[in-house]
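Undergrad: Would you be able to build a 3D model of this:
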Amino acid sequence: MKELFAKIKIFVNLVHIKIALIFTLVTLTTIGIFGIIFIGQLQNQMIDSVKEQAFVSEDTRKQLLANLINPNEKSGNSEVNSTLSTVTGIGSNDSIIVIDGRGIIRGANSINMKQNVTLKYTSVLKTKNIIKNISKAISNKKFKEEMQLKVNGNPYFISTARLKENDKIIGIILYVADMSATYENISNITKLFIGSMLIPILAAAGVSFMISRWFSNPIENISNQTKQLINGHYQVLNSINSNDEIGNLAKNINELSVSLMQEKSNSQFERDRLDSLLSNMTDGVISVDRNGKVLVVNITAGELLNLIEDDIVDKQIQDILKLEDNKISFRELLEKPKGIILKNIENQNLVLKVTSSLIRRKSGFITGAVLVIRDVTLETKLELEQKNFVSNVSHELRTPLTSVNSYIETLQDGKMPPVKIVRQFLNVAHNETQRMIRMINDLLELSRIDQKTLKLEKEFINISRYIDHILNRFDIIVEQGNAEHDKKYNFVKKYKISNIFVDIDPDRFMQVMDNIINNAIKYSPNGSAITVDIKKIDDKVRISIIDKGLGIPKKDIKNIFNRFYRVDKARARKQGGSGLGLAISKEVVEALNGTIWAESSEGKGTTMFIELPIVKQ
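TA: Model prediction:
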């Protein structure tokens, strides 16, 4: 069975079968829409014809009104039947019934219904909808003049008209038209139309199949040829000779086959020579002649220089490496055994080291050189970061140590200051010691992150409830008098508790939020509001912490996540910061597959943003 389905799938996916099916479906759809419209209009016309037939003329109505007014009821009944016998155009199964204002049947056109004259209509008619409508018509209530319904499975059209004299209802005329024959005719016409559709559909399928085969045969031929080209059989040519677009495509592919066969022969020698030279090279390699003209280049060199092969080969190496911009000549490049360092070639933020090796003949004549290009950007960056790190750490530790040392020396002079001043000295020494401890802990934390040894205990967390917990925790710390600061503030929660879950380490993420919120409190005026918002952005959740503090200058925004970077160093040290909090926050957020950034207006405040991927439930 699976093989059968596979064969059917392959058959349906053939181009000529698709074209034939589409053409046939279009034909079927067109004829079907036409048939629906045609049959619908025909049905409406036939029903309208029945409605027009079920109409009693105005003269007949006046005559029936006069008959009902006759004080002699028996004579009036006879006159009603006589008047109804003069009505023409009535169907063989149609009935006209005249009922007076009391609900008494006074006359009818059919023999069966004439037997019910003088009887109450409710005892004769058994259909609830008809009885209800007659009752409304007699009692001067809103009624339906026309009704279509089924009685015992047969469709009927019911027309109800009042007979009035001076706005007084004397009686009604009930016209009951049997629509069985009408609907039977409509059904027969529909069946005939559906049957007649088979001929044009079969014709359309046959014609479309023939046309699609005419298109698909040359395409199959070209497809087979391209498969041969892929397999390296360039000698296979197609035999299509038509002058249309497909014929032109076939000729072009034949020419391509011949061209590829020639190119393969010409390039084989060059390929073998280059493969032996460059196959195992991971660095960029450029071969030049004795005048600096580039002869051969590998892919790695092009990537490092941000150039394609055509932009390098046959060009001067001095221009490619922009030696003049670095005040280095081609000769100096060849004479420096340790190589040279080049920066920002082709607007790339790369640091490249270029070393050269001369190519000599046995006679010692230099015929050219091979240049090896290595990307040393990371090495250079690490060296610079190492130097800056040592400098920053030394500076950050020297300041508190100098302060502590000066107080200790004062106490060692022999003259003991007052107890109050001693306590101040000890308090300052304690604060500076605590700052050094925090700095060392932060450095250890960053070290673990750099060495990829930071362990994350991830959990599925409802982020809105967790943020709410963190903010409530801050309030509790302040109430207990254990806050790191003595400022007053209030949180403005712009979010609602929702079922948004993230996969995070709750302890590490709380550390990030503590850093950001503490910064917002430290650098905001006393008594100001700190706004926290949570929004769903596509498949991520964005947390924003907005303060009304000093703000950050535009030039410093991009550096605030760097280690030891401070916008206002003096104020930051006074606040007790290590300059590592935002650096740690950035590393932790990125370890949680998130992003963190800041937006700020100097003098107006800062907004910190954190985006985390949402876990789909």
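Undergrad: for whichever strand or helix holds residue 193, the distance to its chain's centre please.
TA: Under the criterion of DSSP states H and E, residue 193 resides in helix 180-230. Offset of helix 180-230 from its chain centre (CA atoms, centre = their mean, to the nearest Å): 38 Å.
Undergrad: Name the residues linked to residue 165 by a beta bridge.
TA: In this entry, residue 165 is beta-bridged to residue 168, by DSSP bridges.
Undergrad: Count the residues that sit near the nearest residue to residue 22 once chain neighbours are set aside.
TA: Nearest non-adjacent residue to residue 22, counting by CB to CB, 6 or more residues apart in numbering: residue 208, 7.8 Å away. For glycine as for every other residue, the C-beta is placed from the backbone atoms N, C-alpha and C. Using other CB atoms under 10 Å, residue 208 has 21 neighbouring residues.
Undergrad: per-residue pLDDT, residue 208?
TA: The model reports residue 208 with a pLDDT of 70.
Undergrad: What of the one 3 residues further on?
TA: As predicted, residue 211 sits at a pLDDT of 70.
Undergrad: now do residue 606
TA: pLDDT at residue 606 comes out at 91.
Undergrad: which residues touch the spatially closest residue to it that is not a sequence neighbour?
TA: For residue 606, ignoring the flanking residues on the chain, the nearest one in space by CB to CB, 6+ apart is residue 600 at 4.0 Å. Contacts of residue 600 were listed using CB atoms under 8 Å, 6 or more residues apart in numbering, and they are 551, 552, 554, 557, 606, 607.
Undergrad: likewise residue 151?
TA: Residues in contact with residue 151, defined by CB under 8 Å, 6+ apart, are residue 127.
Undergrad: what is it paired to in the beta sheet?
TA: According to DSSP bridges, the partner residues bridging residue 151 are residue 154.
Undergrad: returning to that earlier point: in the contacts of residue 600, find the pair that's most separated.
TA: 554 and 607 (13.9 Å; CB to CB).
Undergrad: between those two, who's got more neighbours?
TA: residue 607 (17 against 10).
Undergrad: surely the more buried one meets residue 546?
TA: Yes. Judged on CB atoms under 8 Å, residue 607 makes contact with residue 546 at a distance of 4.7 Å.
Undergrad: so where's the stretch 501-617 of the chain uncertain?
TA: Low-confidence segments of the stretch 501-617 of the chain (pLDDT under 70): 564-579, 617.
Undergrad: Show me the strands in it, by range?
TA: Remark: strands assigned in the stretch 501-617 of the chain by DSSP state E, counting those that start in this stretch are 501-504, 528-537, 540-546, 595-601, 605-613.
Undergrad: mind putting the ones you listed in CSV, distance to residue 59 included?
TA: Converted to CSV, those look like this (distance: least, CB to CB, whole Å):
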stretch, distance to residue 59
strand 501-504, 82
strand 528-537, 76
strand 540-546, 81
strand 595-601, 88
strand 605-613, 85
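Undergrad: So for stretch 253-273, mean pLDDT?
TA: On average, the pLDDT along stretch 253-273 is 73.
Undergrad: My error: substitute stretch 49-66 in the last question.
TA: pLDDT averaged over stretch 49-66 gives 78.
Undergrad: distance between that stretch and the chain's centre?
TA: The chain centre lies 66 Å from the centre of stretch 49-66; the measure is CA atoms, centre = their mean.
Undergrad: nearest to residue 335, of the strands of the stretch 501-617 of the chain?
TA: Distance to residue 335, taken as CB to CB, is lowest for strand 595-601 among the strands of the stretch 501-617 of the chain, at 47.9 Å.
Undergrad: Much appreciated, bye for now.
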